[in-house]
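# How does the following fold in three dimensions:
(chains A and B)
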Amino acid sequence: MANDESLATTSPTDEFLKGLWRENPTFVQVLGMCPTLAVTNSATNAIAMGLATTFVLVASNLAVSSIRRFVPKQVRIVTFILLIATFVTVVDYAIQAISLGLHKALGAFIALIVVNCIILGRAEAFASKNGLLRSALDGLGMGVGFTLALLALGGVRELVGRGSLFGVPLLWDGYQGWVVMILPAGGFFTLAALLLFVQWRKRAAKEVTP
Amino acid sequence: MSGTPHLEAPTTPVWPMYRTLVSVGLVCGLLIVSAYELTRPIIQRNKIAARQAAVLQVLPGAHASRTFRVDEAGAVTPVPPESEGEGLVFAGFDAQRRLVGLAIEAQGMGYQDVVRVLYGYSFEQQAVIGFRVLESRDTPGLGDRVETDPAFLRNFECLDVSLGADGKALAHPVEFVKQGQKVSPWQVDGITGATITSRAVALMIARSAATWIPRVAARRAEFRPEE
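This is a model prediction of the structure:
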């Protein structure tokens, strides 16, 4: 019912925009933490994982929304997972065809998009109750929000850890990277710092408009 | 009691469930097969190109390569470039189609996982003349220095793997020494801070060279370029 109500009050643009900040999957919903921490050791990996997830999100939201009236509720989840797994497999082949190096860098995390809570969450909470356009926009917004969040993490970690961004050296010659930022611990540090920043901004905004 | 209708168990819609799962499964299967068929030739091409690039990198001066399979007895057979499996070596040829050397794959346990490397062997110099890591999950910034550390990579510009007088074994097995202690051309200088990975790399090359070089050294003439 909540979504039916939101149908009446939110515009399609808002459906897209909510994923970017207000309901950002990483910083607000804190979903999909496994790829968020694991593959953000460089900006390139972060973008690649973000785009792959966005494709799966949009495709699975579209598929779930288009068949939502024909799927009995008892087999709803298994059907969604089947669809998501298919799109993930397609993405896996596509990345291998685009770049073997990238596929190697992302490793098992491409296959693990299947169990990313953001995707099943949007399929179940949104696409199974909304029309095609809104579902696609919701998936796109969440995907772009996820990509931006990963890029923020990957950018900071690569810059501090290696002194470069997208492999291009940006800091002075002889900069000794903080290796810890590329290691898993750096993922936790950066995520914590960014979560703190987002919460601080949200509180500041609330105080301005009570 | 048995006739009261309100006690009937709620029915599960068997047919709609069956219909949904079968049709979704079929469509998904079709999608996966189509994606596989569409991308397979491209992935295959990428794999061959990546391998070719690695071979040319570890054999300085090489312009073309050809894949061969060498069995345990030492018999050499040319195989298609997409071949997989045991016993593969990659011969590199220069612009005049002369043999530069062989690229050989070796692998062993690194700090976290198996490390795979490719090294180039020159028949003329009887030495390892190039080296590249193909796959490693060792610690970024520490273990992965085996891929980038210039001093470590210099070990493999001319690492002596000449055969002994009988031609059946290396004259001096490849040895690992701590950083700065290299005195002989068959020794590999390690990296402080990446001791385990650099030792693993030296050991896998030592083991691989001890097996492969006696087997292929006498068969130089059989590694011919494509007609």
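# out of everything not next to it in sequence, what's closest to residue 64?
No chain specified, so I'll use chain A. Here the nearest residue to A:Val64 in space, its sequence neighbours aside, is A:Ala127; by C-beta to C-beta, 6 or more residues apart in numbering or on different chains that works out to 4.1 Å. For glycine as for every other residue, the C-beta is placed from the backbone atoms N, C-alpha and C.
# Sorry, I should have been clearer: chain B.
What sits nearest to B:Ala64 in space, not counting adjacent residues and going by C-beta to C-beta, 6+ apart, is B:Phe93, at 5.0 Å.
# what do you get for A:Phe126?
Per C-beta to C-beta, 6+ apart, closest to A:Phe126 is A:Asp138, 5.0 Å.
# next structured bit after the strand or helix carrying the one you found?
In this structure, A:Asp138 is located in helix A:132-162 according to DSSP states H and E. For helix A:132-162, the following helix or strand on the C-terminal side (DSSP H and E) is strand A:164-165.
# so how far is that following strand from its chain's centroid?
Once both centres are worked out by C-alpha atoms, centre = their mean, to the nearest Å, strand A:164-165 turns out to sit 21 Å from its chain's centre.
# Just list what that strand packs against, helices and strands only.
Using 3 or more C-beta pairs under 8 Å, 6 or more residues apart in numbering or on different chains; DSSP states H and E as the contact criterion, the neighbours of strand A:164-165 among helices and strands are helix A:132-162.
# by contact count, what packs against the helix it packs on?
Helix A:132-162 is packed against helix A:12-17, helix A:33-38, helix A:43-67, helix A:117-122, strand A:164-165, helix A:179-182, helix A:184-208, with contacts defined by 3+ C-beta pairs under 8 Å, 6+ apart.
# now these as JSON lines including mean neighbour count and mean pLDDT?
Conversion of those to JSON lines gives the following (neighbours: other C-beta atoms under 10 Å in any protein chain shown; pLDDT from 0 to 100):
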{"stretch": "helix A:12-17", "mean neighbour count": "16", "mean pLDDT": "89"}
{"stretch": "helix A:33-38", "mean neighbour count": "19", "mean pLDDT": "88"}
{"stretch": "helix A:43-67", "mean neighbour count": "23", "mean pLDDT": "94"}
{"stretch": "helix A:117-122", "mean neighbour count": "22", "mean pLDDT": "92"}
{"stretch": "strand A:164-165", "mean neighbour count": "16", "mean pLDDT": "92"}
{"stretch": "helix A:179-182", "mean neighbour count": "18", "mean pLDDT": "89"}
{"stretch": "helix A:184-208", "mean neighbour count": "13", "mean pLDDT": "91"}
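# what about the residue nearest to A:Phe126, how many residues close to it?
Other residues within reach of A:Asp138, judged by other C-beta atoms under 10 Å in any protein chain shown, total 26.
# Likewise for B:Ala73?
B:Ala73: 6 surrounding residues under other C-beta under 10 Å.
# For it, list the residues it contacts.
Counting by C-beta atoms under 8 Å, 6 or more residues apart in numbering or on different chains, B:Ala73 touches no other residue.
# How about the one 4 residues further on?
Applying C-beta under 8 Å, 6+ apart, one finds that B:Thr77 lies in contact with B:68-71.
# State the helix or strand in which it lies.
Assigning secondary structure by DSSP H and E places B:Thr77 in strand B:76-78.
# Same check on B:Val55?
Element membership for B:Val55, per DSSP H and E: helix B:14-58.
# Which SSE is immediately downstream of that helix?
Elements were assigned by DSSP H and E; along the chain past helix B:14-58, the next helix or strand is strand B:64-70.
# Check which helices and strands that following strand is in contact with.
With contacts defined as 3+ C-beta pairs under 8 Å, 6+ apart, strand B:64-70 has these neighbours: helix B:14-58, strand B:76-78, strand B:88-93, helix B:195-216.
# ok, B:Gly74 to B:Ala217 distance?
Applying C-beta to C-beta, to the nearest Å, the value for B:Gly74 to B:Ala217 is 10 Å.
# between these two, which one's more packed in?
B:Ala217 (19 against 13).
# Chain A versus the residue nearest to that one when sequence neighbours are not counted, what's the distance?
Across the structure, with C-beta to C-beta, 6+ apart as the measure, the residue nearest B:Ala217 apart from its sequence neighbours is B:Leu163 (5.7 Å). Shown here: B:Leu163 relative to chain A, a distance of 36 Å by C-beta to the nearest C-beta, to the nearest Å.
# What does the pLDDT read for B:Leu163?
The score at B:Leu163 is 89. That number is its pLDDT.
# next one: B:Ala62
B:Ala62 is assigned a pLDDT of 92 by the prediction.
# Look up the closest residue to it, ignoring the ones flanking it.
Once flanking residues are discounted, B:Ala62 sits nearest to B:Gly92: 3.0 Å by C-beta to C-beta, 6+ apart.
# pretty sure the residue nearest to B:Ala64 is touching B:Ser65, no?
Yes - here B:Phe93 lies in contact with B:Ser65, judged by C-beta atoms under 8 Å, at a distance of 7.2 Å.
# Contacts for stretch B:205-221, please.
B:70, B:72, B:74, B:76, B:89, B:99, B:102, B:104-106, B:108, B:117, B:119, B:121, B:123, B:126, B:128, B:131, B:156, B:159, B:161, B:163, B:167-170, B:173-176, B:188, B:223.
# B:Ala209: neighbour count?
Neighbours of B:Ala209 under the rule other C-beta under 10 Å: 22.
# Having no further points to raise, I will conclude here.
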